[in-house]
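**Student:** With the sequence up front, the predicted model follows.
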Amino acid sequence: MTKLQEIKTQLNNHNPPITLVAVSKTQPIEVIRQMYDAGHKIFGENRVQELEEKYHKMPKDIEWHFIGHLQTNKVKYIAPFVHLIHGVDSFKLLKEINKQAAKNDHTIDCLLQMHIAEESSKFGFDESEVFEGLQNVDLEALKYVRIVGVMGMATYTDDISQIKREFGQLRATFEALKSGFFEGKDSFKEISMGMSGDYELAIEAGSTMVRIGSLLFGKR
C-alpha cells in the first residue's frame, strides 16, 4: 500500500470521512500527475503563479485549493477556477474574492483563517476580530463567496498539549461561529486543521480536512 492509499484509508474510515488536501506546492507536474493517476484529485498550492501554471497543465477535474497567504491583487488570477481558498484573513480580501468571482460567474468557497498559534508570523483573525467583522459585513451581499468553515495552523512545537489546546480553540471558534452566524447553513461544516506532523492530533480535535505534503511527497 502506498502512503497515499494508507492515509486515504485512514481518513475514509473516519465517520464522517475527512478530506485530504495533497499539498503539491513546489512539486513538478509529473509527480502530481502520478498521484492524480492513482485517483487523487484534491491538491493545495500556496503560490498564485505556480497554481495558475499547474491548473493550465493538469486535467480540469482537479479540485484546486489555495492554502497560502493571498494578496488582494492576486485574487483575479485564480478566481476563474479555484475551488476553495483556505486563508481568508481579512474582510477586505473576502470582498475582493467576491468581486473577482462575480466577474467569472463562479462562486468560490472560503475558510476564515483563525490565528491560533503562538508564532506572530502566522496570519489569521483573532476571535473578537472575526465576530466583530461578521456583525458589520453584509454576507448576503457577497453573492459569489460562500464561507464554509474555518482554518488554522498550530504552533510548530513538540509540545503535544499545546497543539491539542490550539486545535481545541479552533474547534470551539467554529462551534461559536456556527451557532452565532451560520446556524442552519449546512455548507458551514469545514474545520481545516492538521498537516503532516500533527494531522492525527487534529483529527482527534474534530478536523474535517487535513493538508498533507511531506508525508505524501517526501521532504522537499
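**Tutor:** Happy to help now that I have it.
**Student:** need the strands for the protein, in chain order.
**Tutor:** With DSSP state E as the criterion, the chain has strands at 19-23, 42-45, 63-66, 84-88, 108-113, 145-151, 190-192, 209-212.
**Student:** mind checking how far residue 144 is from residue 62?
**Tutor:** 21 Å (Cβ to Cβ, to the nearest Å). (Each C-beta comes from the backbone N, C-alpha and C, glycine too.)
**Student:** hmm, back to that, redo the strands of the chain as JSON lines? Include distance to residue 33.
**Tutor:** JSON lines is the format used below for the strands of the chain (distance: least, Cβ to Cβ, whole Å):
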{"stretch": "strand 19-23", "distance to residue 33": "12"}
{"stretch": "strand 42-45", "distance to residue 33": "11"}
{"stretch": "strand 63-66", "distance to residue 33": "14"}
{"stretch": "strand 84-88", "distance to residue 33": "21"}
{"stretch": "strand 108-113", "distance to residue 33": "25"}
{"stretch": "strand 145-151", "distance to residue 33": "27"}
{"stretch": "strand 190-192", "distance to residue 33": "25"}
{"stretch": "strand 209-212", "distance to residue 33": "18"}
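**Student:** in the longest helix along the chain, what's buried?
**Tutor:** For the chain, the longest helix by residue count, based on DSSP state H, is helix 160-180. Under the neighbour-count criterion of 16 or more other Cβ atoms under 10 Å, helix 160-180 has 163, 164, 166, 167, 169, 170, 171, 173, 174, 177, 178 buried.
**Student:** hang on, the earlier thing: among the strands of the chain, which is nearest residue 202?
**Tutor:** strand 209-212 (6.2 Å; Cβ to Cβ).
**Student:** show me where this structure has helices.
**Tutor:** Using DSSP H, helices in the chain cover 3-12, 29-37, 48-57, 75-78, 91-103, 127-136, 160-180, 199-204, 214-217.
**Student:** How about the contacts made by the residue nearest the centre of the chain?
**Tutor:** Among the residues of the chain, the one closest to the centroid is residue 86, at 3.1 Å (Cα atoms, centre = their mean). Counting by Cβ atoms under 8 Å, 6 or more residues apart in numbering, residue 86 touches 44, 65, 66, 67, 111, 113, 151, 192, 211.
**Student:** The same query, at a cut-off of 7 Å, please.
**Tutor:** 65, 66, 67, 111, 113, 151, 192 (Cβ atoms under 7 Å, 6 or more residues apart in numbering).
**Student:** and which of those is nearest to residue 217?
**Tutor:** residue 67 (14.4 Å).
**Student:** tally of neighbours for that closest one?
**Tutor:** Residue 67 is flanked by 27 other residues according to other Cβ atoms under 10 Å.
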